[in-house]
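Asker: could you look at this predicted model? Sequence included:
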Amino acid sequence: MPCTGSATGIARISGSTWTAAAGSGRTSCSPRKVAVFVDGCFWHACPEHGSKPKANEWYWSPKLIKNVERDRMNDAALILAGWTVVRVWEHVPLPEAVATVVSTLAASRPAPATGDDALS
Ligand SMILES: [Zn+2]
């Protein structure tokens, strides 16, 4: 499998909610188990920019609370499965977000080889 997950690739897909695995550091193309989420300020209740809608508050408050609870459950499940979780708020400037992801990738240990590697 060719090396993927470069900083350029990360930059192209940030700005929406996504997960990524098997990224690479600057000096290695070994797969890493790093999950990256770009959390929207509204949908994930950013402490700086999250707002509570005034209309239909009965609907929005529980929904936004559930989103945050789901985020924490997903984080816990991923960590239990051996993943490193990176969450970046959508308001974070792109270069800063990319730097966070790249430094996390650089610090992460390559995932053990699996049978999937044989297919690439
Ligand atoms: Zn925000």
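Answerer: Now that the structure is in, tell me what you want to look at. Residues are numbered from 1 along each chain as shown.
Asker: now tell me which helix or strand of this structure has the poorest mean pLDDT.
Answerer: Least confident helix or strand, the chain: helix 7-13 with a mean of 40, by mean pLDDT, DSSP states H and E.
Asker: spell out the residue ranges of the strands in this structure.
Answerer: Ranges of strands in the chain, per DSSP state E, are 34-39, 84-89.
Asker: the nearest residue to Ala97 once chain neighbours are set aside: neighbouring residues, count only.
Answerer: Spatially, and ignoring its direct neighbours in sequence, Ala97 is nearest to Val88 (4.5 Å; C-beta to C-beta, 6 or more residues apart in numbering). All C-beta atoms are positioned from the backbone trio N, CA, C, and that covers glycine. Other residues lying near Val88 total 17 when counted by other C-beta atoms under 10 Å.
Asker: ok, now the one 3 residues further on?
Answerer: Taking other C-beta under 10 Å as the criterion, the count of residues near His91 is 12.
Asker: quick check, pLDDT for it.
Answerer: Among the per-residue scores, His91 holds a pLDDT of 96.
Asker: now do the same contact list for it.
Answerer: Counting by C-beta atoms under 8 Å, 6 or more residues apart in numbering, His91 touches Cys41, Cys46, Glu48, His49.
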